[in-house]
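Chemist: Dropping the sequence and predicted coords here.
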Amino acid sequence: MVSKFQKWILLKACSKIAPTTIYRSSPESDHNDFYSIKISTKDNRKLLIRKIDGLKIFALIYDENRSKYCIEETFYIDQLDINRIEIKHYLYNFYTTYKSINEFALHYLLKKDVFKIKFLRLKDRVAQTIFNQRILQIKPRLELLEYIIENYGITNKEFGLISLMSDIYSLRCFRHPDKEKCLNKLRMYLKSFIESGEIIKNSQGNDSVTGKAIVTLEQYQNDERRHNNSVRVQYSMVLLTLLLAFLASIQAGLIKLKPIFDLT
């Protein structure tokens, strides 16, 4: 038997029934604030409530053969097993599941989860605002190749443009004002790696690292090492030349140094 309080709580949930299509990402999810109510009847039929009118329940019955709620039927509230209910509250891009009518009643009266979600959204907005002040710096080509080898090549893991960008900058980058510019530059880098053979694209459209990538990186590192050694040698030669010129000037008498000890 459904009590008057339980019926009142059920009516409150049914006053904001979820639509058939529920968006989980912004900006569509910004308007979410409704309930999805699943309940069983006393004869073990699974229902998705679509409307309640007085003592009548308009619902969709779960079809085991089609694996979805699709059979329309009307029930009376006394036919429901109120102890087997699941209510999901969709608020923005969050949802909270309640496994009993009493648990949902506590939520409805205290609004604890609503306040928690609104706090999380405020926290996220502040963090996103701070993140958006950053410049999305693109790594130089060979540094990017080294990052790809370390994060995907060593583990033989496939990746794509979107996963690469999110791994480098986090998911916040997709709400950054310069995201398209960053995506386009990364896309060009990946295309250049494919053309030069460091990356191949499989039939599913995912990218994977080839053996040539490590060869290219090692060659670059060796060239960089030789260049640095050459620069150090050149600096040493310049310093040695200046020192020899200084000593020659002293010997020729062009530069006179004061004696450290004057014994006269």
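Modeler: Nice, thanks for sending it over.
Chemist: show me where pLDDT drops low in the stretch 51-200 of the chain?
Modeler: Within the stretch 51-200 of the chain, no range satisfies pLDDT under 70.
Chemist: For residue 71, pull up the helix or strand it's in.
Modeler: strand 68-76 (DSSP states H and E).
Chemist: strand partners of the very next helix or strand once past that strand, parallel vs antiparallel please.
Modeler: Per DSSP H and E, strand 68-76 leads on to strand 80-91 as the next helix or strand towards the C-terminus. Here strand 80-91 is paired, per DSSP bridges, with strand 33-41 (antiparallel), strand 94-98 (antiparallel).
Chemist: Can you name the next helix or strand after the last one?
Modeler: Moving toward the C-terminus from strand 94-98, the next helix or strand (DSSP H and E) is helix 101-110.
Chemist: Show me what that next one is packed against.
Modeler: In terms of contacts (3 or more CB pairs under 8 Å, 6 or more residues apart in numbering; DSSP states H and E), helix 101-110 is packed against helix 4-14, strand 80-91, strand 94-98, helix 112-132. (Each C-beta comes from the backbone N, C-alpha and C, glycine too.)
Chemist: Same list (those) but as a markdown table, adding mean neighbour count.
Modeler: Converted to a markdown table, those look like this (neighbours: other CB atoms under 10 Å):
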| stretch | mean neighbour count |
| --- | --- |
| helix 4-14 | 16 |
| strand 80-91 | 18 |
| strand 94-98 | 17 |
| helix 112-132 | 13 |
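Chemist: Can I get these in a markdown table including distance to residue 187?
Modeler: A markdown table is the format used below for the helices and strands packed on helix 101-110 (distance: least, CB to CB, whole Å):
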| stretch | distance to residue 187 |
| --- | --- |
| helix 4-14 | 46 |
| strand 80-91 | 34 |
| strand 94-98 | 32 |
| helix 112-132 | 21 |
